[in-house]
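> After the sequence you'll find the predicted model.
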Amino acid sequence: MNELLPGLDFSGYIQGRAEICNKIRRGFDEIEDAIKMAKDGKLFDRRLHEGKRYLSRTESELIDTIDRSAWRYLMEQSGLWSFLNDARRNEWTRGLGGYDPVPEFSSDNVEATFREYYESREQMRDDGLRDIFLELSRNYKCNEHHYLAEKCIVKLSDWTGGFDQSSVNVIDDLARVMCSLDGKPEFDHRITTFRMLTQNCWEDAPWNDYFSLKIFKNKNGHIKFKRLDLLERLNSEIGRVFSNALPSEIKS
């Protein structure tokens, strides 16, 4: 795992997780024994019976909570979060939020997860490009159907009139691609566009060197590219992902 996580050692953290889970299991074993003793001693009533029914589920939920906390810590410390495109982030957001299951936090699963994402990094980058291109609304004349123009309009609102996080995350995907094209490291994954917009503090956004973003009352975002050299390269990348996306005069 060292070649996938240079400079990071999670072995102690994985061992600590195992010790905590073992203590939880031993604690529930003690409760099971106490319930059995109560039953043998004629001290067993309906409430103890109901408690026994939910005991195994509670044990599993506690261990799941430990695993979610461990994966969240790994994401933050390793920088893996900034490696993912919006679709993969949504998968993990659901898991870390308790809506979907997460894998057991073990050495094998950590290595398998990092290896999978490392080996599919180019595909995730292409998926991010596809999301950027498809997210552009076709209802605005300045949005071209075949390539990214110097000025683009994106719809960032959800059905409530607030910001739609999935749509806003596409801006982060765009920023990551621009950094890659510029040969610069990606921005800190904790500095998200969604957080900046909801806190009304995006004027000093780290992607300001690449493009500007102006938000209107209807939550439409007007993106204007500053680095036209990178925009040209970005369109070439889009043409590679969407082989028929760019007209011949843009491809050339």
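Structure received. Numbering: from 1, shown residues only.

> what comes up buried for the helix or strand encompassing Ala18?
Taking DSSP states H and E as the criterion, Ala18 maps to helix 11-40. For helix 11-40, a neighbour-count test (16 or more other Cβ atoms under 10 Å) marks 13-14, 17, 21, 24, 28, 35 as buried. C-betas here are computed from N, CA, C, even on glycine.

> What count of nearby residues applies to Asn90?
When counting by other Cβ atoms under 10 Å, one arrives at 14 neighbours for Asn90.

> Tell me if I'm right that Ile31 and Thr58 touch.
No - using Cβ atoms under 8 Å, Ile31 makes no contact with Thr58, being 9.5 Å away.

> so where do the strands sit in the chain?
Along the chain, the segments classed as strands by DSSP state E run 151-155, 211-215, 220-225.

> can you list those strands in CSV and add mean neighbour count, distance to Ser106 and mean pLDDT?
Listed next are these as CSV, based on neighbours: other Cβ atoms under 10 Å; distance: least, Cβ to Cβ, whole Å; pLDDT from 0 to 100:
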stretch, mean neighbour count, distance to Ser106, mean pLDDT
strand 151-155, 18, 40, 84
strand 211-215, 16, 41, 86
strand 220-225, 18, 41, 88
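
> Just send the ones you listed back as JSON lines, with distance to Thr198 too.
Listed next are the strands of the chain as JSON lines, based on distance: least, Cβ to Cβ, whole Å:
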{"stretch": "strand 151-155", "distance to Thr198": "16"}
{"stretch": "strand 211-215", "distance to Thr198": "11"}
{"stretch": "strand 220-225", "distance to Thr198": "14"}
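
> Compare these and give me the one nearest Tyr73.
Smallest distance to Tyr73 across those (Cβ to Cβ): 30.9 Å, for strand 211-215.

> and that closest one, how far from the chain's centre?
23 Å (Cα atoms, centre = their mean, to the nearest Å).

> Check stretch 99-106 too.
15 Å.

> Would you mark the buried spots in it?
102, 104-105.

> Looking at these, which is nearest Arg195?
For the buried residues of stretch 99-106, the closest approach to Arg195 (Cβ to Cβ) belongs to Val102, at 22.7 Å.

> which residues sit in contact with that closest one?
Val102 sits next to 64, 67-68, 71, 95-96 when contact means Cβ atoms under 8 Å, 6 or more residues apart in numbering.

> Throw those into a markdown table and include distance to Glu122, thanks.
Shown next, in a markdown table, are the contacts of Val102 (distance: Cβ to Cβ, whole Å):
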| residue | distance to Glu122 |
| --- | --- |
| Asp64 | 32 |
| Asp67 | 29 |
| Arg68 | 29 |
| Trp71 | 24 |
| Gly95 | 24 |
| Leu96 | 25 |
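
> Which of those residues lies at the shortest distance from Gln123?
Among the contacts of Val102, and counting by Cβ to Cβ, the member closest to Gln123 is Gly95, at 20.3 Å.

> Could you count how many residues lie near that closest one?
Counted by other Cβ under 10 Å, the residues lying close to Gly95 total 18.

> what does Glu91 give?
Applying other Cβ under 10 Å, we find 13 residues neighbouring Glu91.

> before we move on, back to that, just the ones in helices from the buried residues of stretch 99-106, please.
Judged by DSSP state H, helices contain none of the buried residues of stretch 99-106.

> Nearest to Glu76 among the residues you listed?
Nearest to Glu76 among the buried residues of stretch 99-106, with distances taken as Cβ to Cβ, is Phe105, at 13.9 Å.

> hang on, isn't the closest one packed against Met75?
No - under the criterion of Cβ under 8 Å, Phe105 makes no contact with Met75, lying 11.5 Å away.

> What segments of the stretch 51-200 of the chain are helices?
Shown for the stretch 51-200 of the chain, the helices assigned by DSSP state H, counting those that start in this stretch span residues 80-83, 86-96, 107-119, 121-135, 165-181, 193-198.
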